[in-house]
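# Starting from these lines, generate the structure:
(chains A and B)
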Amino acid sequence: AQKVTQAQTEISVVEKEDVTLDCVYETRDTTYYLFWYKQPPSGELVFLIRRNSFDEQNEISGRYSWNFQKSTSSFNFTITASQVVDSAVYFCALSEAETGANNLFFGTGTRLTVIP
Amino acid sequence: NAGVTQTPKFQVLKTGQSMTLQCAQDMNHEYMSWYRQDPGMGLRLIHYSVGAGITDQGEVPNGYNVSRSTTEDFPLRLLSAAPSQTSVYFCASSQNTPIEETQYFGPGTRLLVL
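Down below sits the predicted model:
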């Protein structure tokens, strides 16, 4: 069965510190997709990244970077030089191409607070 | 483009009452879905639709009905509200399935069932 685990419930960092949000997943499918979404205090969900299981290249987008490692079933998200605007709940999610392409399974989220 | 819109933003119901949560998108997306978000949990899929006239159940469909008569609208109906349905409800849309295309989420509807 599929599962997404975000063990860090809450993280607080001081502005300009780097922070890594962990995501560990379980799936039996060989083809799957991993996602990160941001939910700021306003409540809407903002898409950050989608990565398929065949692409293990790390990705960098500005201050954001993602480290996908199939060997450890992890898809971690790092924010470099954090800013107050990064304060939000971050969700990792999984979708399985073979058994559940219509569904995203979400982790429980990590609440990040960036202290000025 | 307004994107994905949801109404109402907040609703209080009494147990047993019925209501419809509205969701509309103006991006001509084929795929629409409803999720609920409960404290300490991730979002869970209630129902989804891959196009007008086609709907299917997600992970937690009990107590909810949906229909998709047009591409733009995907209402979620609670036939007899229960306190367990107190939650924040999100509607989402994408051109294709979530693995193929980015899902865009609405702002959410906060529902309290007393």
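
# Surely A:Ala1 and A:Tyr25 touch.
No - counting by C-beta atoms under 8 Å, A:Ala1 does not reach A:Tyr25; the two are 11.4 Å apart. Quick note: C-beta positions are derived from backbone N, CA and C, even for glycine.

# contacting residues around the residue lying closest to A:Gln57 once chain neighbours are set aside?
Spatial nearest neighbour of A:Gln57, chain neighbours left out: A:Phe68 (7.7 Å); criterion: C-beta to C-beta, 6 or more residues apart in numbering or on different chains. Residues in contact with A:Phe68 (C-beta atoms under 8 Å, 6 or more residues apart in numbering or on different chains) are A:Leu34, A:Arg51, A:Asp55, A:Glu56, A:Gln57, A:Asn58, A:Ser74, A:Phe75.

# tell me the contacts of the first one?
The neighbours of A:Leu34, taking C-beta under 8 Å, 6+ apart as the test, are A:Cys23, A:Tyr25, A:Arg50, A:Arg51, A:Asn52, A:Ser53, A:Phe68, A:Phe75, A:Cys92, A:Ala93, A:Leu94.

# Of these, which belong to strands?
A:Tyr25, A:Arg50, A:Arg51, A:Asn52, A:Phe68, A:Phe75, A:Cys92, A:Ala93, A:Leu94 (DSSP state E).

# Contacts only, for the second one.
Shown in contact with A:Arg50 (C-beta under 8 Å, 6+ apart): A:Tyr33, A:Leu34, A:Phe35, B:Ile99, B:Thr102.

# Reformat these as a markdown table; add distance to B:Leu76, pLDDT and secondary structure.
Output for the contacts of A:Arg50, formatted as a markdown table (distance: C-beta to C-beta, whole Å; pLDDT from 0 to 100; DSSP: H, G, I helix; E, B strand; the rest coil):
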| residue | distance to B:Leu76 | pLDDT | secondary structure |
| --- | --- | --- | --- |
| A:Tyr33 | 25 | 90 | strand |
| A:Leu34 | 27 | 93 | strand |
| A:Phe35 | 22 | 93 | strand |
| B:Ile99 | 23 | 73 | coil |
| B:Thr102 | 22 | 81 | coil |
